[in-house]
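*Asks:* Okay, structure incoming, though there's no sequence with it:
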């Protein structure tokens, strides 16, 4: 009996995963706990270790395939922990009807354009089946193969393709519907490539509109980021910005070895969250830190920043950044978070307006603290000037509370001793 290997659920917000790379080929033996396949989401690239020992009997999801959590990506055979049993579909070869998990309505033979191949046990009519079908359904009979017309709904293999339309009803994700409205795309004309024929955001974005070229959708981690940021681009994102005299903060960082600018911003944000429920949502002071990696942008989360000091936050940022660049972040490292910080200062860039890391509602962008003239107490003096930008989802946060929150963060960074 075969055992099904499902796409893992990597966090509560995960809706799909992309098979980036298989470390084993069909027919190879796999030990329990051995790295088997790399799965990418919009947040991490995750090494999926085999939950049991056995032979990789069949790979159902090729590299680059996107599936919902729980969908079968491969089958195993051999002894070991049983994840899911796959029962074969019983067929009655004398009648050409399927006796497994099948519901069928026979058509009169006078209405059938081609005789079904009863030796293969294929069934005319409306079929609902479980398992791993490999047939591509287009709604047209292939009489050369004895296949029969009808509407087929199947779970299991990502190789099954549907039109995304069941009669007059279009099966599409909410973000795909929103994108279609924004772009003026008729969903009835879109071919769905998602699980069970669902129309995805990628399907809508692939439809050409006026002066908009069709782009090739990337794969792997870059593809997951592409899809996530395409969804974020549809949000009503607004921003407020300010610049501060960060001379005192620069002096503090210079005196304290191992303390970073990003850590100081994380502590200032954590302190400000206490007094601004519109931004904090009443949650703990968990702050995401944008990390640049070869695979793309990752946002691990530093937990409970308010209870930490600057050195502790700096050390945790360093640890998480190293894991991100090694491709070793786990689901718990990226889950949750109230707000994120994107610091482009190390690149010498003065200002950045980042997009929120949905479902978070806000993100703080900070640039390099550059030496510039500054008016202080009526005198023009040299100063380290730092620009701050708060981008936020306007559905949840209004401009006034966003401005008050940024003003408090700016006050802490201007006079850092007040937040220590």
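*Replies:* Received the coordinates, thanks. Source: prediction; values computed, not measured. Numbers count the residues shown, from 1 in each chain.
*Asks:* can you map out the helices along this structure?
*Replies:* 174-183, 201-205, 220-232, 247-255, 261-273, 277-280, 310-325, 331-334, 399-414 (DSSP state H).
*Asks:* Nearest to residue 39, out of those?
*Replies:* For the helices of the chain, the distance to residue 39 is smallest for helix 220-232, at 9.6 Å, taking Cβ to Cβ. The C-beta positions use only the backbone N, C-alpha and C, and glycine is treated the same way.
*Asks:* wouldn't residue 287 be in contact with residue 305 here?
*Replies:* Yes. Contact criterion Cβ atoms under 8 Å: residue 287 and residue 305 qualify, at 5.0 Å.
*Asks:* Tell me who's in contact with the closest residue to residue 392 other than its chain neighbours.
*Replies:* In this structure, residue 392 finds its nearest non-sequential neighbour in residue 362, 4.2 Å apart by Cβ to Cβ, 6 or more residues apart in numbering. Neighbouring residues of residue 362 by Cβ atoms under 8 Å, 6 or more residues apart in numbering: 279, 339, 356, 390-393, 397, 402, 405.
*Asks:* Among the helices of the chain, show me which one is buried the most.
*Replies:* helix 261-273 (a mean of 26; mean count of other Cβ atoms under 10 Å).
*Asks:* In contact with the spatially closest residue to residue 391 that is not a sequence neighbour, which residues are there?
*Replies:* Among residues not flanking residue 391 along the chain, residue 239 sits closest, at 4.4 Å (Cβ to Cβ, 6+ apart). Residues counted as contacts of residue 239 (Cβ under 8 Å, 6+ apart) are 353, 389-392.
*Asks:* Any chance of TSV for those, columns pLDDT, distance to residue 268 and neighbour count?
*Replies:* TSV is the format used below for those (pLDDT from 0 to 100; distance: Cβ to Cβ, whole Å; neighbours: other Cβ atoms under 10 Å):
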residue	pLDDT	distance to residue 268	neighbour count
353	96	19	13
389	98	14	20
390	98	12	27
391	97	17	24
392	96	17	28
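*Asks:* Pull the most distant pair out of those.
*Replies:* 353 and 392 (11.2 Å).
*Asks:* tell me the domain boundaries of this structure?
*Replies:* For the chain, automatic domain parsing gives the domain ranges 3-77, 165-232, 237-419.
*Asks:* mean pLDDT lowest for which of those domains?
*Replies:* Ranked by mean pLDDT, the domains of the chain bottom out at domain 165-232, with a mean of 75.
*Asks:* still on that earlier bit, residue 55 is nearest to which of the helices of the chain?
*Replies:* Across the helices of the chain, closest to residue 55 is helix 220-232 (Cβ to Cβ), at 26.5 Å.
*Asks:* Give me the angle between that closest one and helix 174-183.
*Replies:* Inter-element angle recorded for helix 220-232 and helix 174-183: 60 degrees (by axes from the mean of the first three to the mean of the last three Cα atoms, to 10 degrees).
*Asks:* Point out the other elements, helices or strands, that helix 220-232 touches.
*Replies:* strand 17-22, strand 35-40, helix 201-205, strand 296-298 (3 or more Cβ pairs under 8 Å, 6 or more residues apart in numbering; DSSP states H and E).
*Asks:* Out of the ones you listed, which gets nearest to residue 219?
*Replies:* Comparing the helices and strands packed on helix 220-232 under Cβ to Cβ, the one sitting nearest is strand 17-22, at 6.6 Å.
*Asks:* distance between the closest one and the chain's centre?
*Replies:* The chain centroid and the centroid of strand 17-22 are separated by 13 Å under Cα atoms, centre = their mean, to the nearest Å.
*Asks:* which other residues reach that strand?
*Replies:* By Cβ under 8 Å, 6+ apart, strand 17-22 touches 7-8, 10, 36-41, 45, 59, 61-67, 69, 73, 219-221, 223-224.
*Asks:* could you check the angle helix 220-232 makes with that strand?
*Replies:* Going by the same axes, to 10 degrees, strand 17-22 makes 160 degrees with helix 220-232.
*Asks:* Just give the strands next to strand 17-22 in its sheet, each with its orientation.
*Replies:* strand 35-40 (antiparallel), strand 66-67 (antiparallel) (DSSP bridges).
*Asks:* Let's have those strands in CSV, adding distance to residue 199 and mean neighbour count.
*Replies:* Shown next, in CSV, are the strands paired with strand 17-22 (distance: least, Cβ to Cβ, whole Å; neighbours: other Cβ atoms under 10 Å):
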stretch, distance to residue 199, mean neighbour count
strand 35-40, 21, 22
strand 66-67, 13, 22
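*Asks:* Select, out of these, the one closest to residue 315.
*Replies:* Per Cβ to Cβ, nearest to residue 315 of those: strand 35-40, 27.6 Å.
*Asks:* Just the residues contacting the closest one, thanks.
*Replies:* 5, 7-8, 10, 17-24, 30, 45-50, 56, 73-74, 220-221, 223-224.
*Asks:* can we see that at 6 Å?
*Replies:* By Cβ atoms under 6 Å, 6 or more residues apart in numbering, the surrounding residues in contact with strand 35-40 are 17-18, 20-24, 45-50, 220-221, 224.
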